[in-house]
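Engineer: with the input below, show me the fold.
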Amino acid sequence: MDNRINDIRRTIRALRVSMREAEAIMHEQINRDEDCSFVAQEVMKMRSVMSLLVKERTALGDFEPIVVSSFFIPRRRSARKLAAPAPTVESVFRPRLVAGA
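Structural biologist: Next comes the predicted model:
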């Protein structure tokens, strides 16, 4: 029975990390105004599997919290580019230097 509890705990730990990664990808897609329905469905599937694993773990008598050591996922820089400053009269109509003939 202890082996099954350890297997469940290991699976839950890995599933939590995968869910965080998928949620980060989903949020990036939302920020880029892209379709994130596939990733969202996968997260929902992971949550349903997680729910079943938690129920089984509880039925086996394990009530200790599961700690994930690295729960932080660094964010990538935004894909949005900063808007270029509007051209000024001086930058548009400045005198051009022409090489001597």
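Engineer: buried stuff in the strand or helix carrying residue 53?
Structural biologist: Assigned by DSSP states H and E, residue 53 belongs to helix 37-59. By 16 or more other Cβ atoms under 10 Å, the buried positions in helix 37-59 come out as 39, 43, 46, 50, 53, 57. (Each C-beta comes from the backbone N, C-alpha and C, glycine too.)
Engineer: just give the number of residues close to residue 8.
Structural biologist: 19 (other Cβ atoms under 10 Å).
Engineer: ranges for the helices of the chain?
Structural biologist: Taking DSSP state H, the helices of the chain run over residues 2-31, 37-59, 89-92.
Engineer: residue 65 is nearest to which of these?
Structural biologist: helix 2-31 (10.2 Å; Cβ to Cβ).
Engineer: now do the closest one, average pLDDT.
Structural biologist: Taken as a whole, helix 2-31 carries a mean pLDDT of 91.
Engineer: check which helices and strands it sits against.
Structural biologist: With contacts defined as 3 or more Cβ pairs under 8 Å, 6 or more residues apart in numbering; DSSP states H and E, helix 2-31 has these neighbours: helix 37-59.
Engineer: kind regards, and thank you for your time.
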